[in-house]
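Enquirer: here are the coordinates; sequence isn't available:
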């Protein structure tokens, strides 16, 4: 038995300009000083893991309520942190579109970065954060298939076209509008009509929906088909 | 920042006598001396988390290869271990039917216990292991819906009736044999026919299958319907 450091790291995803973005911070201190990383920090002595994750999320984004936050996985390779044996519990947060991020005390800068840029290898993250980010993105992409979680990226009321925009941004490819409309309105419990309409896109009025009560989509909406 | 102890705990599930069982150990030492718990132990200094989980699995069951092992979740409430701040990374292992378990060095006894007995409240586990066990069982039940993971409980070649027995044991209720047969043989990539047959049940010869290559069942086999 030996003692470890325990941290939380956050994969915070949002949609900006129709593209999936992740929140990154530029590290103010060594190790990896000046490099970009996922936001995170040490778990405090009296803090549960989820409490620590919420605290970091609020520090970095100034939002904390109404956010989808779930545990992603825990990473503990012996050499992953040069300061000593450190286990990090990673969380996935999905947030509706928000403003510019706030650099926390241990970050010199913070930014929303397009996931596509990272996946194209244009940037390498500190520690094992590339692996954690890849796992977080895959979790989000998979969950959109069998859960109504895409609504976590939306305002409280949204149109089917807005929802499709979320799916297209997260999955990174266009979807057939008719097929998508048929699937999401045919999936019992996914969407609740509000009775109100939106004309925000300048076209004919579109139904406004809220997220329904069900946790699992049956049938799922699969990535392969439009 | 403060130092923590880090452990792994295992939810090891198998099917015995057509019922879902979990591996439990009776604790030899305090805290919770003489009480039953999930098997587990401290992560060693140079060990990755998954390596530690495999090591504990081999120590407790004498099996380690060909076993499905996945990270379940991490539990770190401040007061969960009276010895000090301890974070435990829980793993889920699904094993084909095996013999009697082996008590490790820190256990005075080990046993396969029917999950139904625990769910009926006949036994309380040490630490927060009731919560970890509940999460492990739910993960296994959910995964049988959308993955071919039930085959992890089977011998390398099995009949559809044997596979249905796994589903019935894990979900805890009977399934309609015809519907089940239609669904699993109609789910592309779930099962590969071997061309061989089995007459083990004394009835007419039944096709023997191996697990197919696909990771996700489409459509899923849902718990609600038979």
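Expert: Yep, it's here. Here the structure is a predicted model, which means the values were calculated and not measured. Numbers count the residues shown, from 1 in each chain, chains lettered A, B, ... in the order given.

Enquirer: For the residue lying closest to residue A:40 once chain neighbours are set aside, name its beta-bridge partners.
Expert: Distances taken as Cβ to Cβ, 6 or more residues apart in numbering or on different chains put residue A:9 closest to residue A:40, at 3.5 Å, once the chain neighbours are dropped. The way it works is simple: take the backbone N, C-alpha and C, and place the C-beta from them, glycine included. Residue A:9 forms beta bridges with residue A:40, residue A:90, as assigned by DSSP bridges.

Enquirer: which residues does residue A:9 contact?
Expert: A:38-40, A:88-91, A:129, A:132 (Cβ atoms under 8 Å, 6 or more residues apart in numbering or on different chains).

Enquirer: Would you convert these into TSV that also reports neighbour count?
Expert: Shown next, in TSV, are the contacts of residue A:9 (neighbours: other Cβ atoms under 10 Å in any protein chain shown):
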residue	neighbour count
A:38	27
A:39	26
A:40	26
A:88	26
A:89	26
A:90	26
A:91	26
A:129	26
A:132	25
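
Enquirer: Do a quick rundown of the strands in chain A.
Expert: Assigned by DSSP state E, the strands in chain A fall at A:3-16, A:19-27, A:36-37, A:40-42, A:68-75, A:86-94, A:107-114, A:191-198, A:206-211.

Enquirer: Name the surrounding residues that touch the second one.
Expert: In other words, strand A:19-27. By Cβ under 8 Å, 6+ apart, strand A:19-27 touches A:10-15, A:33-39, A:60-61, A:101, A:103-104, A:106-116, A:118, A:125-126, A:133, A:136-137, A:140, A:169-170, A:172.

Enquirer: what angle separates it from strand A:86-94?
Expert: Taking axes from the mean of the first three to the mean of the last three Cα atoms, to 10 degrees, strand A:19-27 and strand A:86-94 form an angle of 150 degrees between their directions.

Enquirer: Starting from strand A:19-27, tell me which strands it pairs with and how they run.
Expert: Strand A:19-27 is paired, per DSSP bridges, with strand A:3-16 (antiparallel), strand A:36-37 (antiparallel), strand A:107-114 (antiparallel).

Enquirer: Quick check: which of the ones you listed is nearest to residue A:162?
Expert: Across these, residue A:162 has its closest neighbour in strand A:3-16 (9.7 Å, Cβ to Cβ).

Enquirer: Pull out the buried residues from that closest one.
Expert: A:4-15 (16 or more other Cβ atoms under 10 Å in any protein chain shown).

Enquirer: Would you reformat the residues you listed as TSV and include pLDDT?
Expert: Shown next, in TSV, are the buried residues of strand A:3-16 (pLDDT from 0 to 100):
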residue	pLDDT
A:4	94
A:5	95
A:6	97
A:7	97
A:8	98
A:9	98
A:10	97
A:11	98
A:12	96
A:13	96
A:14	94
A:15	93
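
Enquirer: Tell me the one among these nearest to residue B:50.
Expert: Distance to residue B:50, by Cβ to Cβ, is smallest for residue A:4 among these, at 15.6 Å.

Enquirer: Just give me the neighbour total for residue A:153.
Expert: Other residues near residue A:153 come to 25 when the count uses other Cβ atoms under 10 Å in any protein chain shown.

Enquirer: and if you look at residue A:65?
Expert: Neighbour tally, residue A:65, other Cβ under 10 Å: 6.

Enquirer: Against chain B, how distant is it?
Expert: For residue A:65, the distance to chain B (Cβ to the nearest Cβ, to the nearest Å) stands at 22 Å.

Enquirer: Make a markdown table out of the buried residues of strand A:3-16 and add distance to residue A:47.
Expert: Formatted as a markdown table, those follow (distance: Cβ to Cβ, whole Å):
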| residue | distance to residue A:47 |
| --- | --- |
| A:4 | 16 |
| A:5 | 14 |
| A:6 | 10 |
| A:7 | 12 |
| A:8 | 9 |
| A:9 | 15 |
| A:10 | 15 |
| A:11 | 20 |
| A:12 | 19 |
| A:13 | 24 |
| A:14 | 25 |
| A:15 | 30 |
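
Enquirer: which pair in these spans the largest distance?
Expert: Going by Cβ to Cβ, the pair spanning those furthest: A:4 and A:15, at 35.8 Å.

Enquirer: What's the nearest residue in chain A when you look at chain B?
Expert: Closest residue of chain A to chain B, Cβ to the nearest Cβ: residue A:3 (3.4 Å).

Enquirer: Can you name the residues bridging to that residue?
Expert: With DSSP bridges as the criterion, residue A:3 is bridged to residue B:5.
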